[in-house]
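> Output the structure for:
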Amino acid sequence: MTAQRLTRIIELMKKNKLETIAINPGASLFYLTGLHFHLMERPVVLFINTFTTPTIVLPELEVLKVKQSAIPLESITYGDEPASWNAAFEKTLKRIQPQPKTIGVEPTQLRFLEMDFIRRATGEIEFVSANSVLTSLRIIKDSKEIEQIRKAVRIAEAALQATVPQIKIGKTEKEIASELTIQLLKAGSDTVFPFQPIVSSGPNSANPHAVPTERKLLNGDMLVIDWGAAYQGYISDLTRTFAIGEISPKFAEIARIVHAANLAGCEAVAPEGSIGSIDNAARVVISKAGFGDYFTHRTGHGIGLEGHEEPYLFSSNSTPLREGMCFTVEPGIYLPEVGGIRIEDNVVVTPSGKEIFSSLDREVKVLK
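Okay, the predicted model is just below:
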């Protein structure tokens with residue numbers, strides 16, 4: 001399968017008239033080679049060219065990994081003396097004939113560090129976005145990828161179910177996040193999570209990307225838990241909201257609205273639809289209920305090897321839905337300095353419609 005991915009990226013590069021792409025450690029490098037590297041002070045760059053065998057520049061201490069590559073790779077290494085590193089890039093770029101005048105890069109991934117080494121090794125070079133190539137390569141998941149995401153969802157759900165009995169008045173957000181982290185590992189998650197769990201209570205729950213604090217749970221709080229697991233590199237990303245002790249009439253109403261918006265968004269997933277139609281379906285429910293100004297983010301984003309990847313679910317995105325696309329559906333309402341509610345599920349487009357991976361109750365539960 002990985003060999004087919006190399007063939008596919010070469011086809012996409014030719015279609016986009018892009019002869020060379022430079023990829024540093026991250027999801028795309030792993031997707032193509034099966035190799036894990038981390039971003040550090042020593043640069044690692046994979047060069048894919050439409051004329052030659054892919055070449056990877058990497059430190060000598062990492063060279064044994066190359067033998068595990070799922071695709072043929074030439075390797076050019078360097079030692080720990082930084083003054084010699086540029087020579088490795090010069091040697092690599094000289095292998096690529098004809099010499100590229102343009103190199104495609106991942107706009108959100110390649111750093112100045114790597115770009116500077118490439119620039120110095122080539123002289124005049126134009127860097128352009130390879131996003132269209134890499135998005136087309138990874139946006140449709142194959143059956144194995146879908147099963148890995150499905151497994152990541154199961155792990156995440158098992159971890160939350162094991163954590164819920166520990167959620168009580170007086171517990172801090174950090175304590176709950178710590179317990180959830182332990183349960184994710186016990187349930188079988190990779191040790192590298194897609195993101196650290198978001199556990200936010202009371203007024204903190206009005207911040208969609210809150211960080212767990214020492215705040216203790218109080219009676220009447222809304223508690224938003226946004227968490228995910230990873231399985232063989234593929235991730236899940238879920239959110240459920242709870243009420244602590246009791247739920248006020250106002251938040252009971254908001255809970256019903258968000259639940260309805262979540263259902264509407266999921267129902268809009270169909271092979272003949274568009275990405276934007278999902279956002280519109282969820283947003284209409286919230287707007288008609290009078291809370292449109294308090295739904296402050298898009299309805300979802302793609303999931304796979306990264307927590308956020310294509311496709312992005314915003315209303316003007318006219319990209320057609322296609323079988324194998326995997327993404328979140330996560331409408332929310334957030335009242336500043338008061339509290340918020342979000343419900344998030346993971347979905348894949350199927351030939352007949354969709355499969356919702358996540359199965360935990362979507363209603364806001366009251367935890368006594």
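
> now the helices for the protein?
Ranges of helices in the chain, per DSSP state H, are 2-15, 27-33, 85-95, 112-122, 131-138, 143-163, 173-187, 249-267, 275-288.

> Select, out of these, the one closest to E330.
For E330, the closest of these is helix 249-267, at 7.6 Å, according to CB to CB. Bear in mind the C-beta positions are built from the backbone N, C-alpha and C, glycine included.

> what about the stretch 51-200 of the chain, any weak spots by pLDDT?
In the predicted model of the stretch 51-200 of the chain, no residue satisfies pLDDT under 70.

> hmm, back to that, out of the helices of the chain, flag the one nearest V57.
Comparing the helices of the chain by their distance to V57 (CB to CB), the top pick is helix 85-95, with 5.2 Å.

> starting at the chain centroid, how far to the closest one?
Using CA atoms, centre = their mean, to the nearest Å, the distance from the centre of helix 85-95 to the centre of the chain it belongs to is 32 Å.

> helices or strands next to it in the packing?
Taking 3 or more CB pairs under 8 Å, 6 or more residues apart in numbering; DSSP states H and E as the contact definition, the neighbouring helices and strands of helix 85-95 are strand 45-49, strand 55-59, strand 74-78, helix 112-122.

> Most tightly packed of the ones you listed?
strand 45-49 (a mean of 24; mean count of other CB atoms under 10 Å).

> Need the residues that contact that strand.
Residues lying outside strand 45-49 but in contact with it, judged by CB atoms under 8 Å, 6 or more residues apart in numbering, are 6, 9-10, 13, 19-24, 29, 32-33, 54-57, 73, 89, 92-93, 96, 100, 114, 117-118.

> coming back round to it: mind putting the helices and strands packed on helix 85-95 in CSV, distance to F193 included?
Written out in CSV, the entries for those read as follows (distance: least, CB to CB, whole Å):
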stretch, distance to F193
strand 45-49, 25
strand 55-59, 26
strand 74-78, 30
helix 112-122, 25
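
> List just the one of these that sits closest to S136.
Taking the helices and strands packed on helix 85-95 one by one with CB to CB, strand 45-49 is closest: 14.3 Å.

> Number of residues surrounding the closest residue to V284 other than its chain neighbours?
Here the nearest residue to V284 in space, its sequence neighbours aside, is A264; by CB to CB, 6 or more residues apart in numbering that works out to 7.3 Å. For A264, the tally of surrounding residues (other CB atoms under 10 Å) stands at 20.

> again with S277
Residues within reach of S277, counting by other CB under 10 Å, total 20.

> Could you check how far the closest residue to it other than its chain neighbours is from D279?
In this structure, S277 finds its nearest non-sequential neighbour in A268, 5.1 Å apart by CB to CB, 6+ apart. Shown here: A268 relative to D279, a distance of 9 Å by CB to CB, to the nearest Å.
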